[in-house]
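> The sequence isn't on hand, but the structure is:
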């Protein structure tokens, strides 16, 4: 199968307009007759559901949480980028496009990335109209701040709760359409399979998490907006419920998985403190605006941070990357931290952290300004650690965060299954091998609000004449039976170990071999280990309770079963890519100074994996750079 | 749009409450006459109460007063019933003292105590003077109904003194929380203003509590 | 450290439910409170018992999904934080910790410690939005909004919808939740166009959901993870009156 990204003709600046001009339209009276399923209610899901509903489609929206407002978009703290150039500092759509493409180490499509930058400005307009209380100057205009990997100030924010505020806007708009009876909302519902009829996505199988009942829903198109899968590492910055199951089921039904190994490790999370830990809390990257990262020059230094004199502090990011300093992109900052920690300079009780120090910022701007900018982050830090970061530096550590990889989609955000779309973090599209800070809220929103509502009609226009299958179609029956079989199988094992036990095992392997730095031997070993975990899981897991009730243990088990398989694909992908690019750092491919070595001649493509009876087959979508010459990504 | 009962009822309670707060100021000022030397106090007190009884304006105010008490009690009751229904199952352990004052959690109980007091208080005075129940009330030298005598004799009974003084405590607590909450219920949301209201509420509650509580004692000792 | 958990167990909405005690050893002070419950659940699985159902998602204090009554306080013994932010260092070795679900007629128990808070969604549905369609927005800086106005809106908008206000209120009043949303939107110029309708409809919905009335105990403000001030309720009351006269 030849992968066609369907990139429109024309100059980069004209592509999106050219696409819209040629795309098919559906008249309002007919839209009413078409229905769309949206799985997920974050910025991408809620944005898509509400906008499609406004356009007239009939929408069913599903989320596993108790309310749409819990979706994990809520947790993004720092901000959202937009090429508004309000700061008059030389920003432009082109510069934002270039920063994003370069930040992703030239492993994404030019056309997609440009469209992301192009639609960023109207998105800010949209959110302001929806009542998001972005930070403002005294004069009433919007404020911006800097973020990693960028030399202009283009990040908009609402205190340390940008994600929450954007999600509230999306959730409100979604409920506006619930009230208008154009969206039917299904909380506490988890998608467990995709239904494909005659090669087209036509519905889903859902487990009602309260009653345990398996339900079938049919529609003319299915949109996945299910977020990232970094919980495959177990310890991550993601919500505990975040999972890759919807993606994985779609993948098994024929959707190609794009660049699964591209997962980002965030440099500023709180360090792990014990084996029992379930979650690593993220401290916004925006802290790196004013905070300075350092470790002691002396190994195993036991002095308290404040007792270490200035001359004995190694501001290693400023030392290694003088022009970006503490604002180096995430992958680079994480790797640099790992390098120092592995070399024995780590701080904290478990020697697994580095310092993030605000002393100089407080001296320069005053305590009040710092409180105004980061007050709630400092408060949060104190709640979790009991430490007052105004008085001594924070301790931070890298943690699994964002997945750039996801279902492969074309320019229309359609997967390789016609009628199945993937929006937001769950697709692989705009970020390449590494995502820049504050681009995540942006991509999720732009996909949901602006892109999908303009591309889905191109498919649905032809579905008008097609049959509208009902849920008693044999494919629905079959899919529901398959789901039931898996559930019964999990419950029947009745072994001796808990689900969390296996998740910890998987997490350890993934973190060791498939996180910040990878190598061939390690990945080969990891694949074998994961196979072992899979076998052990299916022969020795114990899940109590049954399937016809609210059973959180069962939910976890089903998610983990998919994570284990996904972990294998991630390692397979990482092993296949003999180069270092962005977050994918292969130890065999580095300079003497430890910087990544990209191999454009051989690997300038997006890997798209096809599921073939338990095996994975690679397809390549070559990346052609017409407008930008890929350069060595340097932040020195 | 249907009538919003939660707000309507609370508004009534707050409005009547504040009106009763004003009444209490007038009531306490009059009571202060009792602190004067006996002869002056008797004349002044009796002529004051006669004036009140005969003024048509005061008559209207008095009916407003009765109405306020009734509305305040009835709506408080309605709201309490609804609020209980909103929390049918209580917590096994509840440390509400750590997040709010005892008074604010028990306004209904305190209010009931005050209501009981009012009943006794009305029986002591209003029933005797206006309805003529119990012993006949005589006239003083100036020909006014000798209300002073009624008061004075009541407050020479130590049990009544203790009752009246003790009940000044729930009164003060009720006024303290009620006064400042009424402003918020009625939609006053100025931050600094509310801080001021809280201070005034405290001072007001103390004055009312101490004032009403101490006068029976002083009369007793006279 | 070792503690005794006394936890409300209830099979389903129609089950009566009761407190059950569990002695748990092997906890550390660094563990979050929810991790201690995870640990207990793993022990239960190994003993072939059903796990305790409790809610959480982000575990960093922002999604609002977690929330239980711990030793007589919503979200536990500390002020202004979520259950997931509570750590075992707030307890002592040998403590008994009583855990109950949120109690309110409008938040019926689904199972064990999980309650149904969809009443909040229905309040939001009644007008906590700005009725403008995607694609109709004017330039973002076209309407200047003074920093004070924007900051005040943000203070109110910080609500995470966890329901601690209702849980802790002796009247199960949802006034703090509803007022926070109303003041956020009505405080901004974008929200003005439908301010009276919003106030009238959201407060009416709050009433028909069966929440009690606010009697200003102030408990909600202390338990609110975002420290949203009860003054918001006073402001909502003013807006209700205004809506009656001008709406």
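Arrived safely, thanks for sending. Just so it is clear, the structure is predicted and the values come from calculations on it, not from any experiment.
> lowest-pLDDT helix or strand in chain A?
helix A:367-385 (a mean of 87; mean pLDDT, DSSP states H and E).
> just how off-centre is that helix within its chain?
Distance of helix A:367-385 from its chain centroid, counting by C-alpha atoms, centre = their mean, to the nearest Å, is 25 Å.
> Likewise for stretch A:291-308?
33 Å.
> Return the set of buried residues in that stretch.
A:291-296, A:301, A:305, A:308 (16 or more other C-beta atoms under 10 Å in any protein chain shown). Any C-beta I mention is one placed from the backbone N, CA and C, and that applies to glycine too.
> can you put those in JSON lines and add pLDDT, distance to chain C and secondary structure?
Formatted as JSON lines, the buried residues of stretch A:291-308 follow (pLDDT from 0 to 100; distance: C-beta to the nearest C-beta, whole Å; DSSP: H, G, I helix; E, B strand; the rest coil):
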{"residue": "A:291", "pLDDT": "94", "distance to chain C": "19", "secondary structure": "coil"}
{"residue": "A:292", "pLDDT": "96", "distance to chain C": "24", "secondary structure": "strand"}
{"residue": "A:293", "pLDDT": "96", "distance to chain C": "21", "secondary structure": "strand"}
{"residue": "A:294", "pLDDT": "97", "distance to chain C": "24", "secondary structure": "strand"}
{"residue": "A:295", "pLDDT": "96", "distance to chain C": "22", "secondary structure": "strand"}
{"residue": "A:296", "pLDDT": "97", "distance to chain C": "23", "secondary structure": "strand"}
{"residue": "A:301", "pLDDT": "89", "distance to chain C": "22", "secondary structure": "coil"}
{"residue": "A:305", "pLDDT": "94", "distance to chain C": "19", "secondary structure": "helix"}
{"residue": "A:308", "pLDDT": "95", "distance to chain C": "24", "secondary structure": "coil"}
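> residue ranges with poor pLDDT in chain C?
Applying pLDDT under 70 to chain C flags no residue at all.
> Which residue does chain C have closest to chain A?
Per C-beta to the nearest C-beta, the residue of chain C with the smallest distance to chain A is residue C:144, at 2.7 Å.
> before we move on, the earlier item: hmm, the least confident helix or strand of chain A in reach of chain C?
Yes - against chain C, helix A:367-385 shows contacts by C-beta under 8 Å from any C-beta of the partner chain at A:380, A:383-384.
> What about the residues you listed, which one has the most neighbours?
residue A:380 (24 neighbours; other C-beta atoms under 10 Å in any protein chain shown).
> Hmm, residue C:61 and that one touching each other?
Yes - applying C-beta atoms under 8 Å, one finds residue A:380 in contact with residue C:61, separated by 6.3 Å.
> joint contacts of these two?
Taking C-beta atoms under 8 Å, 6 or more residues apart in numbering or on different chains as the contact rule, residue A:380 and residue C:61 both touch residue C:85.
> closest to chain C among the residues of helix A:367-385 next to chain C?
residue A:383 (4.6 Å).
> The closest one and residue C:167: what is the separation?
Look at residue A:383 and residue C:167: by C-beta to C-beta, to the nearest Å, they are 19 Å apart.
> next one: phi and psi at the closest residue to chain C within chain A?
For chain A, the residue closest to chain C is residue A:140, as judged by C-beta to the nearest C-beta, at 2.7 Å. Taking degrees, to the nearest 10, you get phi 100, psi 0 for the backbone angles of residue A:140.
> In terms of helices and strands, where is the residue nearest to residue A:414 when sequence neighbours are not counted?
Residue nearest to residue A:414 in three dimensions, not counting chain neighbours: residue A:421, with 5.4 Å by C-beta to C-beta, 6 or more residues apart in numbering or on different chains. Residue A:421 belongs to strand A:420-422 when elements are defined using DSSP states H and E.
> Counting residues, name the longest helix you see in the chain.
The chain I'm using is chain A. In chain A, with assignment by DSSP state H, the single longest helix is helix A:552-576.
> not quite, I wanted chain C
Secondary structure of chain C per DSSP H: the longest helix is helix C:231-246.
> picking up where we left off before, what's the strand holding residue A:421 packed up against?
Packing partners of strand A:420-422 (3 or more C-beta pairs under 8 Å, 6 or more residues apart in numbering or on different chains; DSSP states H and E): strand A:221-224, helix A:245-252, helix A:452-463.
> Could you list every helix and strand that the helix or strand following it packs against?
Next helix or strand after strand A:420-422 toward the C-terminus (DSSP H and E): strand A:427-428. Packing contacts for strand A:427-428, counted by 3+ C-beta pairs under 8 Å, 6+ apart, involve strand A:257-258, strand A:406-408.
> The shortest one - contacts with which helices or strands?
Strand A:257-258 is packed against strand A:406-408, strand A:427-428, strand A:605-612, with contacts defined by 3+ C-beta pairs under 8 Å, 6+ apart.
> Any idea which of those strands gets closest to residue C:68?
Among the helices and strands packed on strand A:257-258, the nearest to residue C:68 by C-beta to C-beta is strand A:406-408 (34.3 Å).
> Would you mind listing the buried residues in the helix or strand of chain B at the bottom of the mean pLDDT ranking?
Using mean pLDDT, DSSP H and E, the weakest-scoring helix or strand in chain B turns out to be helix B:126-129, at a mean of 88. Buried residues in helix B:126-129, counted by 16+ other C-beta under 10 Å: B:128-129.
> circling back to that earlier point, list the contacts of the strand holding residue A:421.
So strand A:420-422 is contacted by A:194, A:196, A:201, A:221-225, A:247, A:250, A:255, A:406-407, A:409, A:412-415, A:452, A:455-456 (C-beta under 8 Å, 6+ apart).
> One more pass at 7 Å, please.
Applying C-beta atoms under 7 Å, 6 or more residues apart in numbering or on different chains, the external contacts of strand A:420-422 come out as A:194, A:201, A:221-224, A:250, A:255, A:406-407, A:409, A:413-415, A:452, A:456.
> so where do the strands sit in chain C?
If DSSP state E is used as the criterion, the strands of chain C fall at C:3-9, C:18-24, C:69-70, C:73-74, C:96-100, C:109-111, C:114-115.
> what pairs with the fourth one, and is each one parallel or antiparallel?
Just to be clear, that refers to strand C:73-74. strand C:69-70 (antiparallel) (DSSP bridges).
> For the residue most central in space within chain B, give me phi and psi.
The centroid of chain B falls nearest to residue B:24 when counting by C-alpha atoms, centre = their mean (6.0 Å). The phi/psi pair for residue B:24 (degrees, to the nearest 10) reads phi -60, psi -30.
> residue contacts, it?
residue B:208.
> mind checking how far it is from residue B:206?
13 Å.
> in a helix, that's where residue B:148 is, yeah?
Yes - the assignment for residue B:148 (DSSP: H, G, I helix; E, B strand; the rest coil) places it in a helix.
> which ones are touching the residue of chain C closest to chain A?
A:139-141.
> okay, those in CSV with pLDDT next?
Shown next, in CSV, are the contacts of residue C:144 (pLDDT from 0 to 100):
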residue, pLDDT
A:139, 95
A:140, 97
A:141, 97
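> Now these in TSV, please, with extra columns for neighbour count and distance to residue A:544.
As requested, those are exported to TSV (neighbours: other C-beta atoms under 10 Å in any protein chain shown; distance: C-beta to C-beta, whole Å):
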residue	neighbour count	distance to residue A:544
A:139	9	60
A:140	15	58
A:141	14	57
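> and residue A:361, that's in a helix?
Yes - judged by three-state DSSP, residue A:361 forms part of a helix.
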